[in-house]
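Asks: Following is a predicted model, sequence given first.
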Amino acid sequence: MSCFISAYSNFLTCRRVERNVDLSEKKQRVQHREVECTTAIEVTNLQFAYSKKSKPILDIKKWQIPKGEHIFLSGPSGSGKSTLLNLLCGTLTPSKGKISLLEQPFSSLSNRQRDTFRARNIGVVFQQFNLIPYLSVAQNINAAVYFANNGNFKNTKEVTAATYQLLNRLQLSDSLLHAKADTLSIGQQQRVAIARALINDPQLLIIDEPTSALDTDARDSFMSLLKDVAADSTMIFVSHDEAMKSYFEHHCSISQLNGSLGNSASSSSKDTTNPMQERA
Ligand SMILES: Nc1ncnc2c1ncn2[C@@H]1O[C@H](COP(=O)(O)OP(=O)(O)OP(=O)(O)O)[C@@H](O)[C@H]1O
């Protein structure tokens with residue numbers, strides 16, 4: 001049981017604590033050394049079909065994303081991009097295979113454990129933003145803090161301070177804090193969705209087609225803002241718009257991933273189906 005508690009606590013913080021016991025001294029001294037995980041996402045032999053009778057939409061042998069990388073994931077409409085993101089968020093479960101996130105066996109967790117893991121470690125920006133329309137900006141962001149419940153904030157004062165800070169970084173006026181989500185413009189909703197995704201300081205960011213409603217200038221400023229605020233996270237950014245590729249150093253397409261090309265498809269210097277292997 002204590003092993004389980006310890007493993008569970010480790011998976012939440014994504015840190016392994018190594019104990020070095022120095023027995024040469026009479027008094028036992030225990031050193032704790034934190035070891036950061038290096039792989040953010042690892043997909044192995046993944047298959048997914050929406051029903052038992054239909055053919056799998058996704059069939060990925062191996063896909064690894066190192067921690068801290070920002071990946072552009074592309075593919076034509078209907079190729080399975082959103083399905084893959086839903087699998088990575090745990091809102092869908094694989095028909096076969098495994099997904100590990102932050103070196104924890106995400107796809108084999110119980111629903112409840114997955115919900116907790118997601119709330120604490122994954123920030124998601126959906127295509128349609130999915131703000132709760134009748135709640136204010138502050139309430140939408142607070143909801144994410146409430147569900148994560150990870151002790152990052154001591155009190156509501158701290159949450160409010162962090163919210164103001166994020167809104168400022170995202171160039172949203174403080175005066176919007178108490179505006180209802182459904183009174184905001186598309187651009188404002190988008191920024192609030194990003195603030196909500198970032199408030200718990202997640203290690204993983206999953207962003208699905210956020211720029212489809214924006215013109216080129218708005219898209220440029222949105223992307224530089226996003227890259228800035230997400231500098232410390234691992235990010236999967238999905239779009240079928242190839243023009244978005246230029247904002248990312250690492251690219252990967254669903255067609256490369258599908259059909260198990262994940263082990264050798266990274267032939268081009270920038271197309272990075274398996275960035276970890278490419279570096280090795
Ligand atoms: N809930 C569902 N039930 C059955 N089939 C589904 C469901 N959701 C998606 N699909 C099918 O799965 C395939 C992949 O859909 P998905 O939404 O993942 O594609 P996508 O690449 O994100 O497309 P887009 O760029 O248009 O958003 C499509 O053929 C779609 O019709």
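Replies: It's in.
Asks: Whichever strand or helix holds E158: what's the following helix or strand?
Replies: Using DSSP states H and E, E158 maps to helix 156-169. Heading C-terminal from helix 156-169, the first helix or strand you meet, by DSSP H and E, is helix 186-198.
Asks: buried sites along that following helix?
Replies: Q188, Q189, Q190, R191, V192, A193, I194, A195, R196, A197, L198 (16 or more other CB atoms under 10 Å). Any C-beta I mention is one placed from the backbone N, CA and C, and that applies to glycine too.
Asks: Next SSE downstream of it?
Replies: strand 204-208.
Asks: Mind checking the pLDDT average for the helix or strand that comes right after that following strand?
Replies: On the C-terminal side of strand 204-208, the nearest following helix or strand under DSSP H and E is helix 216-229. Regarding helix 216-229, the rounded mean pLDDT is 79.
Asks: got the buried residues for helix 216-229?
Replies: R219, F222, M223, L225, L226, V229.
Asks: thinking the second one is in contact with T211, fair?
Replies: I take that to be F222. Yes - shown here, F222 and T211 form a contact pair, counting by CB atoms under 8 Å, at 6.1 Å.
Asks: Residues of the stretch 1-150 of the chain that sit close to the ligand?
Replies: Y50, I57, G75, S77, G78, S79, G80, K81, S82, T83 (CB under 6 Å from any ligand atom).
Asks: quick one: contacts for F106?
Replies: Contact analysis of F106 by CB atoms under 8 Å, 6 or more residues apart in numbering lists G90, I99, S100, R114, F117.
Asks: Show me those residues that map onto strands.
Replies: Taking DSSP state E, the ones among those that sit in strands are I99, S100.
Asks: could you redo the contacts of F106 as JSON lines and give each row pLDDT?
Replies: Formatted as JSON lines, the contacts of F106 follow (pLDDT from 0 to 100):
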{"residue": "G90", "pLDDT": "92"}
{"residue": "I99", "pLDDT": "96"}
{"residue": "S100", "pLDDT": "96"}
{"residue": "R114", "pLDDT": "92"}
{"residue": "F117", "pLDDT": "91"}
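Asks: and the helix holding E158 with helix 186-198, angle?
Replies: For helix 156-169 against helix 186-198, the angle by axes from the mean of the first three to the mean of the last three CA atoms, to 10 degrees is 130 degrees.
Asks: so G259 makes contact with D59?
Replies: Yes - using CB under 8 Å, G259 is in contact with D59, at 6.1 Å.
Asks: These two: which has the busier surroundings?
Replies: Between G259 and D59, D59 has the larger neighbour count (other CB atoms under 10 Å), namely 19 against 12.
Asks: does the more buried one sit in a helix, a strand or a coil?
Replies: Recorded secondary structure, D59: strand (DSSP: H, G, I helix; E, B strand; the rest coil).
Asks: do F72 as well
Replies: strand.
Asks: Look at it and report its pLDDT.
Replies: According to the prediction, F72 has pLDDT 94.
Asks: Report the spatially nearest residue to it, omitting neighbours in sequence.
Replies: F248 (3.7 Å; CB to CB, 6 or more residues apart in numbering).
Asks: Could you measure from the nearest residue to E242 once chain neighbours are set aside over to L225?
Replies: Using CB to CB, 6+ apart and skipping residues adjacent in sequence, the residue nearest E242 is S74, 6.3 Å away. As judged by CB to CB, to the nearest Å, S74 and L225 stand 21 Å apart.
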